[in-house]
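> here is a sequence with its predicted model. Questions after.
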Amino acid sequence: MEEENLFFRLSAYESWLREEIESQRLLIEPVGRRNEVLSVLKQGLQDFSISRTRVKWGIPVPDEPGHVFYVWVDALSNYITALDFAEGGTRYREFWEGADERLHLMGKEIIRFHCLYWPAMLKAAGLPLPTRVFAHGWLTKGGRKLSKTTGNVIDALALVERYGVDAVRYFFLREGAFGQDWDFTEDAFIGRYNADLANDLGNLVSRALTMVVRYCDGRVPPKPGDGWAPATAGHAHALHAHSSAETSVVFARYEALDFAGALSAVWSSVSALNSDIAVHAPWEMAKKAELRDDLGHFLYELLEGIRLIAVWASPVMPRAARAIMAMLGLAPREIGPSDLTWGGLTPGVALGKIEPLFPRIDVEAKVRADAEKTAKVKETRVSETPVVPVGETPAAVSEPKIDIAEFARVDLRVAQIVAAEAIPGAKKLLKLQVSLGNETRQIVAGIAEAYAPEALVGRKIVLVANLKPAMLRGVESNGMLLAASLEGRPVLCGFDADVAPGTKIK
């Protein structure tokens, strides 16, 4: 059976898809992405093949030997087959068939498959359809697209290790509108971390709890009565009055996937409470006996405001929220809807241990540390003996610029190691036979302390193919392999795809 003859008639669903999308029964967000899909519909839909015959891997098509399902048929079907759809199980009924909203969240480059192919496939099968598709943008770094090839990447694990997962999540969800492309630079990250997390939120929590320790013996102060009003006007009482409205605003933004809007609303309350401390000046109230009750009531409302802020921020910063709850003297538990009601703190309960929530990043110290690290790396590069060329005395590493003509003189080729053995009396050297496709060469490489000969056979390497032959320990070397030096240990260059021996690298 020939390829491309098992078709899905997508064109038959064109009018129906347009009606679903224009009526927003299938809600596509942001609006620009919806317009993009409607533009594709305007051009007319083409039927597509659901199978492939020239692909070796894939899910076999029943009763069609040699055919596997087209990857987007398989991938989209997984949304329900992973929920035990074929067995008619409870997970499918709970999470898909019985869900009020069937949301797909994906990158903007694949909306055509999720907004046209998938709904039509489900319609053809008589199954419930997606109700909402949200396409997020791309992360960029320094205004450039992320790319392993160029090295323009964001090491998320390193960021988390250095600054904490809550801070990383906060930055990316606050920095730009979810749905658009947004950019990362470490300077922007540190700036927002210090301003929003260390100064605004961290400072607020630290100041409030420290004052409760100083003026209320470290225990939650008395709860003010319904008719209480502070001697001086301030925001804490206003936050009490408007907490329900604020909760509605914050969680409406979350539901709309407007994370930046939700966090902006939370931080408005953070700023309000910081301002409130300045307006009320509790340290001055503590000096007047007649204001002691007002001081206690004010501090209670301040703590309660902080508790609510922790609840509002918890979808983005769950660890920080739990830490705040613990410092407020609350027992560990999962934060839920009941925590949104004002008055959740019990007077007289001892506060927990006060710890820095988001320690401020010392920018100057970081600059000095980065400079020292760079200097050490350069010093190491100069002092280390390179792995290759083996047997030659390397010159100190320098960084002169060369033009493209000079670089073009170096013939870099893919080579495959077909045999490897130790050289008697040479602790660091291995003799390798490498295939360049139409010829086999012998090279000598100083990698014996890092690689066993038997482990190298079959590996593909990068070879400098036009290097003059050299005699090393009496063995001729007809080329040079390339390797990085990781703490003095050679690491061979390789490939993330199957490349034929002899392929030119440029």
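In hand now; what should we look at?

> confidence score at Gly44?
Predicted confidence (pLDDT) for Gly44: 93.

> so it versus Val475, what's the distance?
Going from Gly44 to Val475 by C-beta to C-beta, to the nearest Å gives 67 Å. Backbone N, C-alpha and C define where each C-beta goes, glycine included.

> more neighbours, these two?
Using other C-beta atoms under 10 Å as the criterion, Gly44 and Val475 rank with Val475 on top: 16 against 8.

> and that one, what does it touch?
With contact set as C-beta atoms under 8 Å, 6 or more residues apart in numbering, Val475 has these partners: 423, 429, 431, 442, 444.

> bridging residues for it?
Leu472 (DSSP bridges).

> gap between it and Gln43?
Between Val475 and Gln43 the distance is 65 Å, computed by C-beta to C-beta.

> next one: Phe95
34 Å.

> compare the two (neighbour count), which wins?
When Phe95 and Gln43 are compared for neighbours, Phe95 comes out ahead with 14 against 7, by other C-beta under 10 Å.

> so what's the more buried one up against?
So Phe95 contacts Leu83 (C-beta under 8 Å, 6+ apart).

> can you give me the helices in the stretch 401-506 of the chain?
404-408, 453-456 (DSSP state H, counting those that start in this stretch).

> what does the longest one contact?
Contacting residues not belonging to helix 404-408 are listed as Lys506 [C-beta under 8 Å, 6+ apart].

> pLDDT averaged over it - what is it?
In the prediction, helix 404-408 has an average pLDDT of 75.

> tell me the buried residues in it?
Of all the residues in helix 404-408, not one is buried under the rule 16 or more other C-beta atoms under 10 Å.

> just the strands in the stretch 301-450 of the chain please.
412-422, 430-435, 440-445 (DSSP state E, counting those that start in this stretch).

> of those, which is nearest Trp57?
Among the strands of the stretch 301-450 of the chain, strand 412-422 comes nearest to Trp57, with 22.9 Å by C-beta to C-beta.

> what's that closest one packed up against?
If contacts are counted by 3 or more C-beta pairs under 8 Å, 6 or more residues apart in numbering; DSSP states H and E, strand 412-422 sits against strand 430-435, helix 453-456, strand 460-464, strand 504-505.

> list the buried residues in it.
In strand 412-422, counting by 16+ other C-beta under 10 Å, buried: 412-417, 420.

> let's have those in a markdown table, adding pLDDT and distance to Leu76.
Below are these laid out as a markdown table (pLDDT from 0 to 100; distance: C-beta to C-beta, whole Å):
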| residue | pLDDT | distance to Leu76 |
| --- | --- | --- |
| Leu412 | 90 | 41 |
| Arg413 | 91 | 41 |
| Val414 | 90 | 36 |
| Ala415 | 91 | 41 |
| Gln416 | 89 | 38 |
| Ile417 | 90 | 42 |
| Ala420 | 87 | 46 |
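
> which one of the residues you listed is nearest to Glu334?
Among the buried residues of strand 412-422, Val414 lies closest to Glu334 (C-beta to C-beta), at 53.6 Å.

> how much space between the nearest residue to that closest one once chain neighbours are set aside and Ala188?
Spatial nearest neighbour of Val414, excluding adjacent residues (C-beta to C-beta, 6 or more residues apart in numbering): Thr503 at 4.3 Å. Distance, Thr503 to Ala188, using C-beta to C-beta: 40 Å.

> quick one on the thing from earlier: Ser248: which of the helices of the stretch 401-506 of the chain is closest?
Nearest to Ser248, of all those, is helix 404-408, at 61.1 Å by C-beta to C-beta.

> just how off-centre is the closest one within its chain?
Helix 404-408 sits 38 Å away from the centroid of its parent chain (C-alpha atoms, centre = their mean, to the nearest Å).

> likewise stretch 15-32?
With C-alpha atoms, centre = their mean as the basis, stretch 15-32 stands 29 Å off its chain's centre.

> again with stretch 205-216
36 Å.

> swap in stretch 126-137?
Distance, stretch centre to chain centre, for stretch 126-137: 22 Å (C-alpha atoms, centre = their mean).

> how many neighbours does the residue lying closest to Val410 once chain neighbours are set aside have?
Among residues not flanking Val410 along the chain, Val464 sits closest, at 6.3 Å (C-beta to C-beta, 6+ apart). Counted with other C-beta under 10 Å, the neighbours of Val464 add up to 18.

> right, and Val464 touches Val434 too?
No. Val464 is beyond contact range of Val434, at 11.5 Å (criterion: C-beta atoms under 8 Å).

> now do the shared contacts for those two.
In terms of C-beta under 8 Å, 6+ apart, Val464 and Val434 are both contacted by the residues 479, 481.

> which non-adjacent residue is nearest Arg91?
Leu83 (4.4 Å).

> measure the residue nearest to Val414 to Leu436 for me?
9 Å.

> any regions of the protein where pLDDT drops low?
Scanning the chain for pLDDT under 70 picks out 1-5, 225-238, 366-400, 405, 487-488, 496-497.

> tell me which residue is most central in it.
With distances taken as C-alpha atoms, centre = their mean, the residue of the chain nearest its centroid is Ala156 (5.7 Å).

> still on that earlier bit, I'd guessed the residue nearest to Val414 sits against Arg413; true?
Yes. Using C-beta under 8 Å, Thr503 is in contact with Arg413, at 6.8 Å.

> before we move on, the earlier item: which one of Thr503 and Leu436 is surrounded by more residues?
Comparing Thr503 with Leu436 by other C-beta under 10 Å, the one with more neighbours is Leu436, at 18 against 15.

> list the contacts of the more buried one.
The neighbourhood of Leu436, defined by C-beta under 8 Å, 6+ apart, consists of 413-415, 463, 465, 501-502.

> could you dump the residues you listed to JSON lines with distance to Arg253?
Putting these into JSON lines (distance: C-beta to C-beta, whole Å) gives the following:
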{"residue": "Arg413", "distance to Arg253": "56"}
{"residue": "Val414", "distance to Arg253": "52"}
{"residue": "Ala415", "distance to Arg253": "56"}
{"residue": "Leu463", "distance to Arg253": "56"}
{"residue": "Ala465", "distance to Arg253": "59"}
{"residue": "Pro501", "distance to Arg253": "56"}
{"residue": "Gly502", "distance to Arg253": "57"}
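
> check those and tell me the two furthest apart.
Ala465 and Pro501 (11.1 Å).

> identify the contacts common to those two.
Joint contacts of Ala465 and Pro501 (C-beta under 8 Å, 6+ apart) are 413, 415, 436.

> of these, closest to Val457?
Closest to Val457, out of all of the shared contacts of Ala465 and Pro501 and judged by C-beta to C-beta, is Ala415, at 12.7 Å.

> how about stretch 411-425 as PDB, C-alpha atoms only?
C-alpha atoms of stretch 411-425 as PDB (Å, rounded to 0.1, in the frame of the first residue of the first chain):
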ATOM      1  CA  ASP A 411      39.200  20.700   7.800                       C
ATOM      2  CA  LEU A 412      36.900  19.300  10.500                       C
ATOM      3  CA  ARG A 413      35.300  16.000   9.800                       C
ATOM      4  CA  VAL A 414      33.000  13.500  11.500                       C
ATOM      5  CA  ALA A 415      35.000  10.300  12.200                       C
ATOM      6  CA  GLN A 416      33.900   7.000  13.800                       C
ATOM      7  CA  ILE A 417      36.300   5.100  16.100                       C
ATOM      8  CA  VAL A 418      36.500   1.500  14.700                       C
ATOM      9  CA  ALA A 419      39.400   0.300  17.000                       C
ATOM     10  CA  ALA A 420      41.200   1.500  20.100                       C
ATOM     11  CA  GLU A 421      44.100   0.200  22.100                       C
ATOM     12  CA  ALA A 422      46.600   1.400  24.700                       C
ATOM     13  CA  ILE A 423      50.200   2.200  23.700                       C
ATOM     14  CA  PRO A 424      52.700   0.300  25.800                       C
ATOM     15  CA  GLY A 425      54.600   2.600  28.200                       C
END
